[in-house]
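Asker: Model the structure of this input:
(4 chains, ligands or ions: 4)
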Number of protein chains: 2
Amino acid sequence: MKATPVRLKVLEVLSTTHLALSPSELESSFSKVDRITLYRTLKDFEEAGMIHKIIDTDGVTRFAFCNNNCPDATHTEDHVHFNCKKCHKMFCLAHVQTPSLQLPDGFTSTGINTVVHGICKYCS
Amino acid sequence: MKATPVRLKVLEVLSTTHLALSPSELESSFSKVDRITLYRTLKDFEEAGMIHKIIDTDGVTRFAFCNNNCPDATHTEDHVHFNCKKCHKMFCLAHVQTPSLQLPDGFTSTGINTVVHGICKYCS
DNA sequence: TAATAAACGCAACATTGTTGCATCTGATTA
DNA sequence: TAATCAGATGCAACAATGTTGCGTTTATTA
Ligand SMILES: [Mn+2]
Ligand SMILES: [Mn+2]
Ligand SMILES: [Zn+2]
Ligand SMILES: [Zn+2]
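Answerer: Ligands and ions are numbered 1, 2, ... in the order given. Okay, the predicted model is just below:
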């Protein structure tokens, strides 16, 4: 994977925030970037396990820097996300683990997405 | 709200399954239905608290019958959903409550979406 | 510097969802 | 039962998001 300007910028933006950003939010971090290139960049990073994808409460796809040193896309999403209903930001709560739960017989889990919605620290 | 054929059929389909269905899945329950009418029907039912919306692991919007007798769209989503990665079906696990968790200072929760992914009872 | 595999940029397309507006219809009333 | 009309429908048009093919450009390596 080559170190290109778009990739470096995306990594820089995602690695310096605790927010999960949508493709269009990332697009506005650039003065000019091709939308398709951005989508491909995000897909490549996700498959490499460098970032993780998370769908917010409104169905918007978002990406966040992965701090888990995962080898590839099989990385485990073990933390909770918080979606503020006022500012619509999505926070990675890296220190809040997803609680475990008891599934009915026959169902086996390979991961849990927990998205809490409410009012964030900065909006309350 | 008038009892029209589309509405009756949507209610019938959703009330006789434990799955959360996407608009396009619902569309194929009909021999012929206008896509826009279906979207409006789902929106109306959701605002009336008769069904609830849930986004699956792949970002697909799905709707499920609400068994909670909620007065309106402020109904509480208190159960866990299970998304099978093989058949891609989404199950309402009505008897599995969303576990509570401890948020960082300043964050207040008004609801939690928990989507478990893995292999369902019928695919394992 | 030259070669080349990878990344980019553009066009074209698919899917999902929304809005405006004219027409139709189901519940209510006369 | 028949007329009425608010509300539901169907169509066109549009917006947002995401994907693929393909020719061109660029970063790395030799
Ligand atoms: Mn995260
Ligand atoms: Mn449900
Ligand atoms: Zn906020
Ligand atoms: Zn399954």
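Asker: Give me the helices and strands touching the top strand by length along chain A, please.
Answerer: Across chain A, the longest stretch assigned as strand under DSSP state E is strand A:108-119. If you count contacts as 3 or more Cβ pairs under 8 Å, 6 or more residues apart in numbering or on different chains; DSSP states H and E, strand A:108-119 packs onto strand A:51-55, strand A:79-84, strand B:108-119. For glycine as for every other residue, the C-beta is placed from the backbone atoms N, C-alpha and C.
Asker: and the longest one, which residues are buried?
Answerer: In other words, strand B:108-119. By 16 or more other Cβ atoms under 10 Å in any protein chain shown, the buried positions in strand B:108-119 come out as B:111, B:112, B:113, B:114, B:115, B:116, B:117, B:118, B:119.
Asker: Next: stretch A:41-58.
Answerer: Buried, per 16+ other Cβ under 10 Å, within stretch A:41-58: A:41-42, A:45-46, A:49-57.
Asker: Excluding sequence neighbours, find me the nearest residue to residue A:45.
Answerer: Using Cβ to Cβ, 6 or more residues apart in numbering or on different chains and skipping the chain neighbours, the partner closest in space to residue A:45 is residue A:51 (4.5 Å).
Asker: Look up how far residue B:90 lies from the one you found.
Answerer: In this view, residue A:51 and residue B:90 are 25 Å apart by Cβ to Cβ, to the nearest Å.
Asker: cool, residue A:78 as well?
Answerer: Counting by Cβ to Cβ, the gap from residue A:78 to residue B:90 is 22 Å.
Asker: now do residue A:94
Answerer: Distance from residue A:94 to residue B:90, by Cβ to Cβ: 27 Å.
Asker: neighbour count winner among the two?
Answerer: The neighbour comparison of residue A:94 against residue B:90 (other Cβ atoms under 10 Å in any protein chain shown) goes to residue B:90, with 26 against 15.
Asker: pLDDT value on the closest residue to ligand 1 within chain A, please?
Answerer: At 3.2 Å from ligand 1, residue A:92 is the closest residue in chain A, using Cβ to the ion. For residue A:92, the model assigns a pLDDT of 94.
Asker: wait, doesn't residue A:79 sit right on residue A:99?
Answerer: No: using Cβ atoms under 8 Å, residue A:79 is not in contact with residue A:99; the gap is 11.3 Å.
Asker: Who has more neighbours out of the two?
Answerer: Looking at residue A:79 and residue A:99 with other Cβ under 10 Å, you find the greater number of neighbours at residue A:79, namely 18 against 15.
Asker: Assumed residue A:37 was part of a helix.
Answerer: Yes: according to DSSP: H, G, I helix; E, B strand; the rest coil, residue A:37 belongs to a helix.
Asker: Leaving out sequence neighbours, find the closest residue to it.
Answerer: The shortest distance from residue A:37 to any non-neighbouring residue, by Cβ to Cβ, 6+ apart, is to residue A:6 (5.5 Å).
Asker: residues near the one you found, how many?
Answerer: Residues near residue A:6, counting by other Cβ under 10 Å, number 15.
Asker: Tell me which stretches of chain A form helices.
Answerer: For chain A, applying DSSP state H gives helices covering A:5-15, A:23-27, A:35-47.
Asker: Turn the ones you listed into a markdown table, including mean pLDDT and distance to residue A:62.
Answerer: Listed next are the helices of chain A as a markdown table, based on pLDDT from 0 to 100; distance: least, Cβ to Cβ, whole Å:
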| stretch | mean pLDDT | distance to residue A:62 |
| --- | --- | --- |
| helix A:5-15 | 96 | 10 |
| helix A:23-27 | 97 | 8 |
| helix A:35-47 | 97 | 10 |
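Asker: so which of those gets nearest residue A:67?
Answerer: Of all the helices of chain A, helix A:5-15 sits nearest to residue A:67, with 9.0 Å by Cβ to Cβ.
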